[in-house]
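Asker: this one's structure only:
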């Protein structure tokens with residue numbers, strides 16, 4: 001079973017969730033972990049791809065899009081939105097509305113939750129599903 005960490009933000013905006021995803025990915029990469037960031041759509045993945053270059057002055061996180069086919073998809077941090085065909089890595093950062101089908105192959109999962117009511121409602125559903133599957137769950141209020 002995976003360890004699942006829910007990071008609950010005080011802010012309601014999506015940009016805060018994405019920035020936290022960048023920070024978590026950077027920290028994991030610096031600890032020699034590989035990361036997959038799952039998004040709801042290709043457009044969300046592309047926005048996150050851009051944000052990883054600019055979220056912090058001087059930041060550098062080697063990353064790429066899962067379907068780029070330009071060699072970057074083998075980077076330490078990969079971003080994608082496809083529901084299938086994702087290989088296991090050390091950490092899954094889920095920005096999607098549902099638990100992706102491939103999540104069971106990851107030893108650690110980070111669920112990022114904003115204070116937006118819809119985001120919280122969807123995260124409660126994911127929390128219940130993880131709990132019912134027997135995962136170890138931790139909650140961090142930020």
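Answerer: Thanks, I have the structure now. Since the model is a prediction, treat every value here as computed from it, not as a measurement.
Asker: ok, what's across the strand from the residue most central in space within the chain?
Answerer: Centroid-nearest residue in the chain, with Cα atoms, centre = their mean: residue 93, separated by 1.9 Å. Residues in a beta bridge with residue 93, per DSSP bridges, are residue 37, residue 110.
Asker: the lowest-mean-pLDDT helix or strand in the chain pairs with which strands, parallel or anti?
Answerer: Least confident helix or strand, the chain: strand 63-65 with a mean of 79, by mean pLDDT, DSSP states H and E. Strand 63-65 sits in its sheet next to strand 77-80 (parallel), going by DSSP bridges.
Asker: any idea how far the partner strand is from the middle of the chain?
Answerer: 9 Å (Cα atoms, centre = their mean, to the nearest Å).
Asker: and what of stretch 120-128?
Answerer: 15 Å.
Asker: residues contacting it, please?
Answerer: 6, 8, 94, 97, 98, 99, 111, 113, 114, 137 (Cβ atoms under 8 Å, 6 or more residues apart in numbering). Glycine gets a C-beta too; all of them are placed from N, C-alpha and C.
Asker: all set, thanks.
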